[in-house]
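[1] Predicted model and sequence below, questions to follow.
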Amino acid sequence: MTDSVLEYNPNHMLDILIGKLQLKNDAALARALDVAPPVISKIRHHRLPVGASLLIRMHEVTGLSIRDLRDLMGDRRTKFRQMDVGGES
């Protein structure tokens, strides 16, 4: 395992967002981000990754850069692969 995998912790980022937005809990964060509360729970329990659209929404709501948000959750990757959305290779 690489260091970045060991350091990955989206909970830190979620906690920072709750503080920055002066919210009380994950349910309030879900409302602020316009996502269902189970999405935040699944991210906290590492059952769902923080996707690009959610990162963009976090940026829009908080004003934090995408780079800063990724740093807060320990995502130190510098390159990304484009996912095959249509199922074609």
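    Done, it's in. Numbering: from 1, shown residues only.
[2] export the helix or strand where His12 lies as PDB, just CAs?
    Assigned by DSSP states H and E, His12 belongs to helix 10-20. What follows is helix 10-20, C-alpha atoms only, in PDB (Å, rounded to 0.1, in the frame of the first residue of the first chain):
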ATOM      1  CA  PRO A  10     -12.500  11.800   4.200                       C
ATOM      2  CA  ASN A  11     -13.800  12.200   7.800                       C
ATOM      3  CA  HIS A  12     -11.200  14.900   8.400                       C
ATOM      4  CA  MET A  13     -12.500  16.900   5.400                       C
ATOM      5  CA  LEU A  14     -16.100  16.400   6.400                       C
ATOM      6  CA  ASP A  15     -15.400  17.600  10.000                       C
ATOM      7  CA  ILE A  16     -13.600  20.700   8.600                       C
ATOM      8  CA  LEU A  17     -16.600  21.400   6.400                       C
ATOM      9  CA  ILE A  18     -19.000  21.100   9.300                       C
ATOM     10  CA  GLY A  19     -16.900  23.600  11.300                       C
ATOM     11  CA  LYS A  20     -16.300  26.000   8.400                       C
END
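[3] Quick check: mean pLDDT of it?
    For helix 10-20, mean pLDDT is 96.
[4] other SSEs contacting it?
    If contacts are counted by 3 or more Cβ pairs under 8 Å, 6 or more residues apart in numbering; DSSP states H and E, helix 10-20 sits against helix 26-33, helix 37-44, helix 52-62, helix 66-72. Quick note: C-beta positions are derived from backbone N, CA and C, even for glycine.
[5] Just give me how far that helix sits from the chain centre.
    9 Å (Cα atoms, centre = their mean, to the nearest Å).
[6] between it and helix 37-44, how many degrees?
    Angle, helix 10-20 to helix 37-44, by axes from the mean of the first three to the mean of the last three Cα atoms, to 10 degrees: 130 degrees.
[7] can you list contacts of helix 10-20?
    The contact list for helix 10-20 (Cβ atoms under 8 Å, 6 or more residues apart in numbering) reads 23-26, 28-29, 40, 43-44, 46, 50, 58, 61-62, 64, 69, 72-74.
[8] circling back: what would the helices and strands packed on helix 10-20 look like in TSV with distance to Gly19 and mean neighbour count?
    Converted to TSV, those look like this (distance: least, Cβ to Cβ, whole Å; neighbours: other Cβ atoms under 10 Å):
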stretch	distance to Gly19	mean neighbour count
helix 26-33	10	16
helix 37-44	15	16
helix 52-62	10	15
helix 66-72	11	15
